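*Asks:* curious how this folds, go ahead:
(2 chains)
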Number of protein chains: 2
Amino acid sequence: MNEGKERLRMALRLFLCSLTLISVTQAEDLLPSWADTTPKQAILDFVARVSVSNGKDFVPEHDRLAVFDNDGTLWPECPMPFQIAFVVDEVKRLATEQPELAKDPMVKAALEGDFKALFAGEKHDGFMKMMALTHSGMSSDEFAKRVKLWFSKAEYSPLGTSYGKATYQPMQEVINLLRANGFQVAIVSGGGVDFMRQFSEDVYGVSPEWVLGSSADVVFELRDDVPTFVKQASNLYVNDKVGKSVRIYQQIGRRPIACFGNSDGDQSMLEYTTIDNPYKSLGVIVHHTDGVRECEYDKKPPFSGKLITALEEAPKRGWVVVDMKNDWNKVFSSRQN
Amino acid sequence: MNEGKERLRMALRLFLCSLTLISVTQAEDLLPSWADTTPKQAILDFVARVSVSNGKDFVPEHDRLAVFDNDGTLWPECPMPFQIAFVVDEVKRLATEQPELAKDPMVKAALEGDFKALFAGEKHDGFMKMMALTHSGMSSDEFAKRVKLWFSKAEYSPLGTSYGKATYQPMQEVINLLRANGFQVAIVSGGGVDFMRQFSEDVYGVSPEWVLGSSADVVFELRDDVPTFVKQASNLYVNDKVGKSVRIYQQIGRRPIACFGNSDGDQSMLEYTTIDNPYKSLGVIVHHTDGVRECEYDKKPPFSGKLITALEEAPKRGWVVVDMKNDWNKVFSSRQN
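*Replies:* Have a look, this model is predicted:
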């Protein structure tokens, strides 16, 4: 046993040595899609400070946790969050299979792209009904299959690529930079966790346990002696605003030292990450300022993702605000700039 | 970037080489506290099969997830689960600080060790009241401090050691064996997650995100501009029976290939792990058969942890049943045998 342990220790040491070698020789630009403006410098500076083992801001690897919002932070949420596009496409698919569904006025609204009707009312009852129709009543395996199929076929029209290729190149670079410096990366999104986990590994290299999202009840049963989870619509947990901080606390049980968001829905986790944190911390807000290469919005987002109070709070809290237009040389990997 | 990646790849390869070296030269006994009976052979055989990269039962490291129940599986639950001992000690502490508390008949019952009164009724209202008194209404930091203090001082009387030293040595060896072979180890317990996370790293080397347990609502707020989680008693999620499978699905999002439990409360996750799993899988039940070195029970446990249906199911499902008396040479590290 002790001999085995000793060898494991040696192997680990060898591995850590190699990692050190990597960071030392890393003079290359790890954020090439970022302009040489303040945000890039702030991110690089933060990562260097917490990673240098003899520095005063050093943070042990165990505690280097970075959390990212998804929609509007890692990929677009315009003209609409990708999951909403999935809902609409799924309603279309279901209505083809079961034409009687089209009698439902909300199904009709979805088929006609009448988002005003779908999102009417404070609780968006129409859309929630379509969510229930497309996200519950089936097994988790069946749902996973549907999402994967959609993801492999559907096209994000503004780019003419698959949705998975529509991520922000600068943010992918940040994820890689953090990982290369011993960070654990988690996605903390308002999107459905069962939806996101179908692509998070392929698209971001984030394994399912590091994806936190909205969810509802699930029933476990042995169906014909096969373990089966059946998705329900009851007890929806909306992973937004304070819900994000609570879920980080309950699920991960550790405090992040870096947080990336783009809306007031991320304000709570920005606060949790940066206020009164004994470790040096970093808060970043992606501000959608580029109406040419992407979309321009803050107070009046295309769907969700209002950015008002978090933007006001940013200077007071020392959060870095990324001006997409000026701070990103390139937005999407599939485009020249 | 590519150069950095290449170096990381090289470092990883070096590391993996060293690991291979370790497994190849591991003729030493990695389960020394286990008798050379069937369970030990079954565990060693399973681990070898899923870890050998050219074998037909090989499982990629990413999918080598093992889940363990805690009370009665990794450490004793007799004369009572450790968290119940904590509740009683906390009630005593609080009653010293606030003598008026003792007017409450349930506080009185706790002070007098009248467990019959505390656990009367189907919902154990008395005990749940004491849970609320000791587990809610305070900040998560305050609660963590209390648990840590208790853990550093309280003594597990059957052994005369701290509670943290009362783990089963054979199970610690299994955890080490699994880790040395690329497994991710998670604890999935009926105990409170906020309670367990205060010792899981020290006692089992399991970091907080891999500890799944019972929980209730938490409120996040900026209290005097300090991020604060306030523990509530509402919406208790009891992480037991099917709740365990559901939580594994929702929180980890991957299916275990190995599961260790000791009661009917673990049957659901044993089923989820082993039935119709495309990977080779292992289910293990720790059967408390040793009234001399530990405690002897199944149908009539001292508190919770009944073992009836899972034991009946074991032969049909191929679950390995560990007979503590005959299959463990040693139970606790702090004792000779």
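
*Asks:* which residues sit against stretch A:79-92?
*Replies:* With CB atoms under 8 Å, 6 or more residues apart in numbering or on different chains as the test, stretch A:79-92 has contacts from A:71, A:75, A:101, A:107, A:110-111, A:113, A:115, A:127, A:130-131, A:133-135, A:146-147, A:150, A:154, A:156, A:158, A:163, A:166, A:191-192, A:195, A:295, A:302-304. For glycine as for every other residue, the C-beta is placed from the backbone atoms N, C-alpha and C.

*Asks:* filter these down to the ones close to chain B.
*Replies:* Checked against chain B using CB under 8 Å from any CB of the partner chain, these yield no neighbours at all.

*Asks:* quick one, helices of chain A?
*Replies:* Using DSSP state H, the helices assigned to chain A run over residues A:2-24, A:38-51, A:82-97, A:105-111, A:115-118, A:125-135, A:140-153, A:169-180, A:193-196, A:200-204, A:242-247, A:267-274, A:309-317, A:324-327.

*Asks:* now the end-to-end length of stretch A:284-296.
*Replies:* Start to finish, the residues bounding stretch A:284-296 are 18 Å apart (CA to CA, to the nearest Å).

*Asks:* scratch that, stretch A:254-271 is what I was asking about
*Replies:* Taking CA to CA, the span from the opening residue of stretch A:254-271 to its closing residue is 14 Å.

*Asks:* roughly how far is that stretch from the heart of the chain?
*Replies:* What separates the centre of stretch A:254-271 from the centre of its chain is 11 Å, taken as CA atoms, centre = their mean, to the nearest Å.

*Asks:* do the same with stretch A:223-243
*Replies:* Between the centre of stretch A:223-243 and the centre of its host chain there is 19 Å, according to CA atoms, centre = their mean.

*Asks:* same question, stretch A:80-95
*Replies:* Distance of stretch A:80-95 from its chain centroid, counting by CA atoms, centre = their mean, is 19 Å.

*Asks:* follow-up on the earlier one: now the helices of chain A as JSON lines including mean pLDDT?
*Replies:* Conversion of these to JSON lines gives the following (pLDDT from 0 to 100):
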{"stretch": "helix A:2-24", "mean pLDDT": "58"}
{"stretch": "helix A:38-51", "mean pLDDT": "98"}
{"stretch": "helix A:82-97", "mean pLDDT": "97"}
{"stretch": "helix A:105-111", "mean pLDDT": "96"}
{"stretch": "helix A:115-118", "mean pLDDT": "94"}
{"stretch": "helix A:125-135", "mean pLDDT": "97"}
{"stretch": "helix A:140-153", "mean pLDDT": "98"}
{"stretch": "helix A:169-180", "mean pLDDT": "98"}
{"stretch": "helix A:193-196", "mean pLDDT": "98"}
{"stretch": "helix A:200-204", "mean pLDDT": "98"}
{"stretch": "helix A:242-247", "mean pLDDT": "98"}
{"stretch": "helix A:267-274", "mean pLDDT": "98"}
{"stretch": "helix A:309-317", "mean pLDDT": "98"}
{"stretch": "helix A:324-327", "mean pLDDT": "98"}
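
*Asks:* now, of these, which is deepest in the fold?
*Replies:* When neighbours are counted by mean count of other CB atoms under 10 Å in any protein chain shown, the highest per-stretch mean among these falls to helix A:267-274, a mean of 26.

*Asks:* so what touches it?
*Replies:* The list of residues contacting helix A:267-274 from outside it, by CB under 8 Å, 6+ apart, reads A:67, A:69, A:188, A:241-245, A:248-249, A:255-259, A:261, A:281-283, A:285, A:309-310, A:313, A:317-319, B:220, B:222, B:227.

*Asks:* report the buried members of the residues you listed.
*Replies:* Among the contacts of helix A:267-274, those that count as buried by neighbour count (16 or more other CB atoms under 10 Å in any protein chain shown) are A:67, A:69, A:188, A:241-245, A:248-249, A:255-259, A:261, A:281-283, A:285, A:310, A:313, A:317, A:319, B:220, B:227.

*Asks:* which of those fall in strands?
*Replies:* Judged by DSSP state E, strands contain the following of those: A:67, A:188, A:258-259, A:261, A:282-283, A:285, B:220, B:227.

*Asks:* got those residues as CSV, with pLDDT columns?
*Replies:* Written out in CSV, the entries for these read as follows (pLDDT from 0 to 100):
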residue, pLDDT
A:Val67, 99
A:Val188, 98
A:Ala258, 99
A:Cys259, 99
A:Gly261, 98
A:Leu282, 98
A:Gly283, 99
A:Ile285, 98
B:Phe220, 98
B:Pro227, 98
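
*Asks:* pipe these into JSON lines and attach distance to B:Val88 per row.
*Replies:* As requested, those are arranged in JSON lines below (distance: CB to CB, whole Å):
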{"residue": "A:Val67", "distance to B:Val88": "38"}
{"residue": "A:Val188", "distance to B:Val88": "37"}
{"residue": "A:Ala258", "distance to B:Val88": "41"}
{"residue": "A:Cys259", "distance to B:Val88": "40"}
{"residue": "A:Gly261", "distance to B:Val88": "44"}
{"residue": "A:Leu282", "distance to B:Val88": "44"}
{"residue": "A:Gly283", "distance to B:Val88": "43"}
{"residue": "A:Ile285", "distance to B:Val88": "48"}
{"residue": "B:Phe220", "distance to B:Val88": "30"}
{"residue": "B:Pro227", "distance to B:Val88": "32"}
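
*Asks:* which among these gets closest to B:Glu201?
*Replies:* Relative to B:Glu201, the closest of those is A:Val67; by CB to CB it sits at 20.4 Å.

*Asks:* just to check, the closest one is in contact with A:Phe183?
*Replies:* No. Contact status for A:Val67 versus A:Phe183: not in contact, 10.3 Å apart, counting by CB atoms under 8 Å.

*Asks:* pop the domain breakdown of chain A in here.
*Replies:* What automatic domain parsing lists as the domains of chain A is A:28-77+A:163-327, A:82-156.

*Asks:* distance between the longest one and the chain's centre?
*Replies:* Here domain A:28-77+A:163-327 is found 5 Å from its chain centre; the criterion is CA atoms, centre = their mean.

*Asks:* ends of that domain, what's the gap?
*Replies:* End-to-end distance of domain A:28-77+A:163-327 (CA to CA): 19 Å.

*Asks:* and the residue of the stretch 101-250 of chain A found nearest chain B, what does it touch?
*Replies:* Nearest to chain B in the stretch 101-250 of chain A, going by CB to the nearest CB, is A:Pro208, at a distance of 2.9 Å. The contact partners of A:Pro208, by CB under 8 Å, 6+ apart, come to A:197, A:200-201, B:252-254.

*Asks:* chain neighbours aside, what residue packs nearest to it?
*Replies:* Once flanking residues are discounted, A:Pro208 sits nearest to B:Gly253: 2.9 Å by CB to CB, 6 or more residues apart in numbering or on different chains.

*Asks:* can you tell me how far the one you found is from A:Gly55?
*Replies:* According to CB to CB, to the nearest Å, B:Gly253 and A:Gly55 sit 36 Å apart.

*Asks:* looking at the two now, which is surrounded by more residues?
*Replies:* More crowded of B:Gly253 and A:Gly55, by other CB atoms under 10 Å in any protein chain shown: B:Gly253, with 18 against 12.
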